[in-house]
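Visitor: Below: sequence and its predicted model.
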Amino acid sequence: MTRLFRILLACLVLANCALLVAPAALADSSQPNFGPNVYIFNPSMPQSQIQATVDALASQQVSNQFGTQRYALLFEPGTYGSSAAPLNFQLGYYTAVAGLGASPNDVVINGSIDVYNQCLSGSCIALINFWRSLSNLTINVTNPTFGCHTGEFWAVSQAAPMRRVKVNGLTTLMDYCTQPSFASGGFIADSEFDNSTVINGSQQQWIVRNSKLDGWTNGVWNQVFSGVVGAPAQCFPAQPPCGPYTTVATSPVTREAPYLYIDSEGDYRVFVPAVQSNSSGTTWASGATPGSSVSIRKFFVAQPTDSVEEINEALGSGMNLILTPGVYNLERTIRVTRPDTVVLGLGFPTLIPENGIVSMKVDRAKGMLISGIIFDAGPTTSPVLLRVGSGHARSDNDASDPSALHDVFFRIGGAAAGSATTSLVINSDNVILDDIWAWRADHGNGVGWTINTADTGLIVNGDNVTAYGLFVEHYQKYEVIWNGNGGTDIFFQNEMPYDPPSQAAWMEAPGVDGWAAFKVDNSVTSFSGYGMGSYSFFNQGVDIFAANAFEVPATLPPASLHDLLTIFLSTAGSGGILNVINNTGGSSTIANPDIPVTVVSYP
């Protein structure tokens, strides 16, 4: 596809050709073919054209929750906007904004990149502000004429990560300018906030990992900090004026997400960050992020029109993979077979399996990095959407070169009817899960107890698996099953399914009501958990109960789990969760709505 054709196609999609030709046409002619939905800006472009482009995309995407359009907005190194003429724009669904510098300091936005409440039926909330991202740049907050919205507003919920971002100025994670401003996020990693406190506001839960804060205000139910310089002190449950904070001084093992950048010669490359142990703060605080760089020539840059056969041939020949924005309908499984392969999504590429296949299989998991992809369920039930490691190959992944999944999201229904027995299976040892949202849809298209069926969001069979920011919601049996030893989960957010039609239809075993949200197998001898919450709201008008939110072996070492909670989400309803963990901790029902029921340490 020629560059001119791609520009014209983008114009047709957005119905605004006069405004959009200039930014695409002025991009570096040596760039790879990232397709029509990747916009690359450089500082020499007229700001009016950049502004027109980002505003047109926002106009289309801010309310486009289940649309098929996908975009990446990439900024070459340099400065954009000024104090007199800032660059301010909103970020909508399925839009990724990223700097193309080697460091977040290389791309500077004088302005703001904002996410506001959506006002629906008179209620203004951020509860459904999903599937967008911001990474690898600096924002000098400049929007003094915005009235109440003065500041960097990042009012998001699940699947909206912020990575490698430096913000100078006020940052708020809620949009307090319209009410009731409810929000249900979120995830920040490898980022720095200076010269102002971060306002957490109405965010029900949040995780910040390996970052630097210049202050943090309040919390609702569950705020987790892992390896964060300037994090608030441990305070769980909330004891006003502090909490509810779970603070882990260092992150046990991390590996930051790979990212696209332009080197000093003007060539595109992908940076692969190195593994860190017992770390805190950003990877770039004292200079360059440790790791290695891979030429773009070693990547197959796929378009949604490419066949899986072409993709697999490239992977099999030793290439890495970039998935450009769009929806990929898969007639066969994508097979990632070579250790240390990078699979990088730009602009939330979405994989949909046909005929009940598995969307992606990672046969050998040593050093694999999978990042920035949505896995949708197809209309025919798949056994699993993403499998990492084969059942007999767990030892292929070692602690010195761990595999990692970053910003990998799963969806059962919502966009369209779909079904999968399990969303994600981890069979390999030493895998890092870094911002995972597995969602059986509670709203949208193709939603119902017998329509978007799905048993479990995540099954971990490997040993020494570490998860940060694990969001798993509405599955119909155990939502997480953890079978491996030596595992760690830092932050867990769960809502049990809203829609069991009866108690009889939702029973773990005879005499055991419901299903636990998080099940650690009885064979496991070591597991650690920090800041883990499970919530209930049953909307079928009948009593539905879960006996426990968490089930773990009582033989785990003392204090293996820290800061657990349950909540009954409705002030007018029935049913609830009877115990926090293993028949202990008390119940959350209509008798105590919206009040966390906590267990600080178990066993």
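Guide: Cool, the structure landed.

Visitor: pLDDT weak spots in the protein?
Guide: 1-30, 391-397 (pLDDT under 70).

Visitor: Can you get me a residue count around residue 310?
Guide: By other C-beta atoms under 10 Å, 13 other residues sit near residue 310. (C-beta placed from N, C-alpha, C; glycine too.)

Visitor: Can you tell me the SS state at it?
Guide: helix (DSSP: H, G, I helix; E, B strand; the rest coil).

Visitor: And it, how far from residue 334?
Guide: 11 Å (C-beta to C-beta, to the nearest Å).

Visitor: same deal with residue 390?
Guide: The value you get for residue 390 to residue 334, if C-beta to C-beta is used, is 15 Å.

Visitor: Repeat that for residue 82.
Guide: Distance from residue 82 to residue 334, by C-beta to C-beta: 44 Å.

Visitor: Bridge partners for residue 273, pull those for me.
Guide: Counting by DSSP bridges, residue 273 forms beta bridges with residue 291.

Visitor: need the helices for this protein, in chain order.
Guide: Per DSSP state H, the chain carries helices over the ranges 3-14, 17-25, 47-61, 308-316.

Visitor: Tell me which of residue 390 and residue 334 has more neighbours.
Guide: Legend: neighbour count by other C-beta under 10 Å for residue 390 and residue 334, higher for residue 334 (23 against 15).

Visitor: Touching, the more buried one and residue 312? I think so.
Guide: Yes. When contacts are counted by C-beta atoms under 8 Å, residue 334 is listed as touching residue 312 (6.5 Å).

Visitor: for residue 595, what are its contacts?
Guide: 567, 568, 588 (C-beta atoms under 8 Å, 6 or more residues apart in numbering).

Visitor: how far away is it from residue 545?
Guide: 17 Å.

Visitor: now do residue 277
Guide: From residue 277 to residue 545 the distance is 42 Å (C-beta to C-beta).

Visitor: Same drill for the two, tell me which one is more crowded.
Guide: The residue with more neighbours, out of residue 277 and residue 545, is residue 545; 18 against 11, by other C-beta under 10 Å.

Visitor: and the residue nearest to that one when sequence neighbours are not counted, what are its bridge partners?
Guide: Closest residue to residue 545 apart from its sequence neighbours, by C-beta to C-beta, 6 or more residues apart in numbering: residue 513 at 4.3 Å. Counting by DSSP bridges, residue 513 forms beta bridges with residue 507.

Visitor: any idea how far residue 513 lies from residue 126?
Guide: 33 Å.

Visitor: same thing with residue 256?
Guide: 26 Å.

Visitor: cool, residue 408 as well?
Guide: For residue 408, the distance to residue 126 - C-beta to C-beta - is 22 Å.

Visitor: still on that earlier bit, wait, what's in contact with the residue nearest to residue 545?
Guide: 503, 506, 507, 545, 546, 547, 578.

Visitor: Over to residue 402?
Guide: 253, 255, 275, 367, 430, 431, 432.

Visitor: which of those residues sit farthest apart?
Guide: 253 and 367 (13.7 Å; C-beta to C-beta).

Visitor: ok, the two, which is more surrounded?
Guide: The neighbour count for residue 253 versus residue 367, taken as other C-beta under 10 Å, is higher for residue 367 (21 against 18).

Visitor: Could you pull up the residues touching that one?
Guide: Taking C-beta under 8 Å, 6+ apart as the test, what residue 367 contacts is 339, 340, 341, 397, 401, 402, 403.

Visitor: Quick check: it vs residue 273, distance?
Guide: Distance from residue 367 to residue 273, by C-beta to C-beta: 12 Å.

Visitor: Please apply the same query to residue 155.
Guide: Applying C-beta to C-beta to residue 155 and residue 273 gives a distance of 28 Å.

Visitor: In terms of neighbours, single out the busier of these two.
Guide: More crowded of residue 155 and residue 273, by other C-beta under 10 Å: residue 155, with 30 against 22.

Visitor: how about that one, phi and psi?
Guide: Residue 155 adopts backbone torsions of phi -90, psi 90, taken as degrees, to the nearest 10.

Visitor: That one touches residue 129, doesn't it?
Guide: Yes. With contact defined as C-beta under 8 Å, residue 155 and residue 129 form a contacting pair (6.2 Å).

Visitor: what do these two both touch?
Guide: Counting by C-beta under 8 Å, 6+ apart, the residues touching both residue 155 and residue 129 are 115, 117, 183.

Visitor: Between the residues you listed, which sits nearest residue 603?
Guide: The closest of the shared contacts of residue 155 and residue 129, once distances to residue 603 are taken by C-beta to C-beta, is residue 183, at 33.4 Å.

Visitor: now the closest one, nearest residue through space, not along the chain?
Guide: Nearest to residue 183 is residue 126, by C-beta to C-beta, 6+ apart, at 4.0 Å.

Visitor: Many thanks, we can stop here.
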